[in-house]
Every structure is written in C-alpha cells, then in structure tokens.
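>>> Could you look at this predicted model? Sequence included:
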Amino acid sequence: MESNADLHIHSPYSMAVSPRMTPLAILETCAIKGITTIATGDALHPEWQKRWADFLENEQGITVVPSAEIEGAARVHHLILSEDFAVCENIASRLSPFSKNIGTGGRPQIRLSGVEIARAVHEEGGFIGPAHAFTPWTGIYAHYNSMPACYGSERPDFLELGLSADSSYGAGIHELCDVPFLSNSDAHSPSPLKIGREFNRIRIRKAGARETIESIRRGDILMNAGFFPEEGKYNRTACTRCFQQYSAAVAESNGWRCPQDGGRIKKGVRDRALELSDTAPSRRPPYLHIIPLGEIIRTCLGMGSPETRKCQQLYCALIDQLGNEISILIDVPVSDIAGIDGRVAAAIAAFRSGEITLVPGGGGKYGSFSF
C-alpha cells in the first residue's frame, strides 16, 4: 500500500508556531489534504506527548509517527523519528543533562556534537538525519562540508531536503548516493497551506509508525513532492537585508557583504549544492513540484491572501466535490476541475505541464510564481 507522509511539523511549544496547532486540528487538515501519515513534531516535549495520547489511534485513520527536531552544535538541526513515545522519552532523558530547555522547548538546544547526538538517538532505538540539510543558517551543509564531519561514524538514516531544494540538489553528491531523501513541510500552522506542502509517497507493507520508518530505511520512497526550489526563501545567494541576488563569485569578491547596503549576503541553497556536487547524479525517485491549492486559487482570483472568504469558498467547493487536495493537484482530470472553476483548472493544467514562471527567492525572501 502507499501512504502520503509528512514527517516534520511543530507544536505550539516551539517558537513562532500557531496556538491552533493541536492534534485534532492537525489530523483534520491531513484528511482534507490527503496526508495519511503525519509526524507529531516536538515529541521530546512531555506535555505535547500527553496531548497526542488520545489521537495516536484516530477516526481519520491517519498513522502518527513520533518525531522531533533538535538543535545541536554549530546550530545544526537534526530530525528524529521513532516508532513510539517510549523511545522519545528515553532519548529526552539521555539528552537532558546537555540541555537547558529540553523539558520546556519544542525544539530544544542540545550542547552535543552531531555524532554524540546521533549515537544517543541510535542507541535508544530512534532514527536521525539532518533537517533541511542545505538551509544556510541551520542546515548541516551550512557548517560542514560532509556528513562524516558532523556525524562521524554514525550513519544518518535519511536526509531532509528543505523547502529550497529538490532531489536534484543532492543527487550529485557522492556521499548521499544511498541516503534516502525526505521532503517534509516543517509546518508551523495546521493550515492546508502549510501541512503537506511537501510530502513523501512511501510504499508500506502495513500502516504504522514502525513500518513507515522501516520503509524509509529500505528506500521504499516512491515519490517526493513539494515546492519548486525557486519558491524557497534561501534558494539563491542574496543579501539578507535588501534581498539583492548575486552569483557566488560576486558575493565572494565582495566579502559576503552587499555593496548596496552593507547587509550580509547568504549563500543560496542552489550554489551550495552545486559546490558540493562531485559526481554524476544518482538515480532518485521522481520529484513532483506542487503548489498549495490555496495559493493557486489566490492567484487565479487575484486576491491578496488565500484566507479571504472568496478563496475559502472556492477551496471548500473543490474539496467537497473532488476529494482531497493532493488528488486535485495530481490526479483529478482537469475537465472535472473545470466543471467547478475554469481558471483553477487552467492553472493546475499549467503547473502539471511545467508551464509556470518562477521568480527565485533568496536571502530570506520567498520566491514567487505566475501562470
């Protein structure tokens, strides 16, 4: 069987996360979106664990995978997956002497190196890999030139690409040739605009957290799906103050300071991936570029926000009559969509065929698109 899995979200115990992020709201959005496996996020937090207790088995039939993101040495972020909360409790207990906020923060800081964290997670029965690996502030490749430089002899179980990258960005890096890639939303809100904006289609033998993780480790990922990399806010090398974009060579010649306003220039994900690529691209599952349906509707209606009443009415009409959002974006015949709204049908047909204009993001400013 196949499952659409989003394995990285956050709880209100992390910074800048919506208080509407509750287990019930998350599961309801998953049903609308077409996500059939969801991570808990922040599973090292004792209160967040308690709030999930009544929802691990749920009427939506969605598999729940305990997960957490932690920040280690050099501010590198690591994603942890586990088969149950008991493993998370053991990991939290093991790491607590090295953290001031593991009992209070959803995404705790741990005063340990990558190899020490990975060893602790593995010895307690968990699985670990770098979160948003190419992101310039907190990705592993922002601070290290190789996986062993961070994880030593502890082999990561997967690598999360992040919103500014797709599979092609890592496919040419030799050390990643047999590392499964994950594409997750890193959602901070239960909105369908956030949850499932990136996901993995995984072949599983039966539903369950353990089975999902085992499928990932076997490489049974059928498809990654998510943003066009250009939509990400760190795709191109750019000034973090005025967002002027530069080539890596020009940025280097200017000492990574913007000649226009003196702001700091951050190396973009695309340039960093090119810098690390050292072999012919390895064979990877297909990567499907998608745009949240709400954003497509907003663009088609010429509205400023997908949360406006007109946009929401059309979104609900599409979901009510055609099924979940992922199906509408990928599978539902365009003629069926046109029966509800011809503008949205034309836009979905355009992005399915790659007829889309992208303005790349960089320096912390998201990219944009038009049809």
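Sure thing, it's come through. Numbers count the residues shown, from 1 in each chain.

>>> quick one, what contacts Ser3?
If you count contacts by Cβ atoms under 8 Å, 6 or more residues apart in numbering, Ser3 has them with 36-37, 63, 201-202, 204, 207, 212. Where C-beta positions appear, they are placed from N, C-alpha and C, glycine not excepted.

>>> mind listing the strands for the stretch 151-300 of the chain?
Here the stretch 151-300 of the chain has its strands, by DSSP state E, counting those that start in this stretch, at 159-160, 181-182, 199-203, 221-226, 238-239, 265-266, 287-289.

>>> Now do the contacts for the residue lying closest to Ile328 once chain neighbours are set aside.
Closest residue to Ile328 apart from its sequence neighbours, by Cβ to Cβ, 6 or more residues apart in numbering: Leu322 at 5.3 Å. Applying Cβ under 8 Å, 6+ apart, we find Leu322 in contact with 328, 332, 336-337, 340.

>>> again with Ala142
Per Cβ under 8 Å, 6+ apart, neighbours of Ala142: 76, 134-136, 272.

>>> Scan the residues you listed and report the most crowded one.
For those, the largest number of neighbours (other Cβ atoms under 10 Å) sits with Phe134, at 29 neighbours.

>>> Please work out how many residues are found near the closest residue to it other than its chain neighbours.
Closest residue to Phe134 apart from its sequence neighbours, by Cβ to Cβ, 6+ apart: Val269 at 4.2 Å. Using other Cβ under 10 Å, Val269 is surrounded by 31 other residues.

>>> Surely Val269 is in contact with Asp166?
No. With contacts counted by Cβ atoms under 8 Å, Val269 stays clear of Asp166, the gap being 10.0 Å.

>>> Phi, psi for the nearest residue to Asn200 once chain neighbours are set aside please.
What sits nearest to Asn200 in space, not counting adjacent residues and going by Cβ to Cβ, 6+ apart, is Ala5, at 4.9 Å. Main-chain torsions, Ala5, degrees, to the nearest 10: phi -120, psi 130.

>>> tally of neighbours for Ala5?
Ala5 is flanked by 26 other residues according to other Cβ under 10 Å.

>>> next one: Asp341
Neighbours of Asp341 under the rule other Cβ under 10 Å: 17.

>>> Quick check: it vs Leu44, distance?
According to Cβ to Cβ, to the nearest Å, Asp341 and Leu44 sit 44 Å apart.

>>> List the contacts of Gly41.
Applying Cβ under 8 Å, 6+ apart to Gly41 gives the contacts 8-11, 14, 48, 67-69, 106.

>>> Show me which of those residues is closest to Tyr315.
Tyr315 lies nearest to Ile9 out of the contacts of Gly41, by Cβ to Cβ, at 20.6 Å.

>>> hang on, that closest one packs against Ile35?
No. If you go by Cβ under 8 Å, Ile9 and Ile35 don't touch, sitting 10.1 Å apart.

>>> Now for those two: what residues contact both?
Residues touching both Ile9 and Ile35 (Cβ under 8 Å, 6+ apart) are Ile195.

>>> For Asn358, which three-state class applies?
Not quite, residue 358 is Leu, not Asn. Recorded secondary structure, Leu358: strand (DSSP: H, G, I helix; E, B strand; the rest coil).

>>> What's the local residue count around the closest residue in space to Arg264 that isn't next to it in sequence?
Nearest-residue entry for Arg264: Thr240, 5.1 Å, with adjacent residues in sequence omitted and distances by Cβ to Cβ, 6+ apart. When neighbours are counted by other Cβ under 10 Å, Thr240 registers 17.

>>> ok, Thr240 - contacts?
Applying Cβ under 8 Å, 6+ apart, we find Thr240 in contact with 263-266, 363-364.

>>> Spit out the contact partners of the most centrally placed residue in the chain.
For the chain, Asn184 is the residue whose C-alpha lies nearest the centre (Cα atoms, centre = their mean; 2.7 Å). Applying Cβ under 8 Å, 6+ apart to Asn184 gives the contacts 6-9, 39, 79, 160, 198-200.

>>> Swap in 7 Å and give it another go.
Asn184 makes contacts with 6-8, 160, 198, as judged by Cβ atoms under 7 Å, 6 or more residues apart in numbering.
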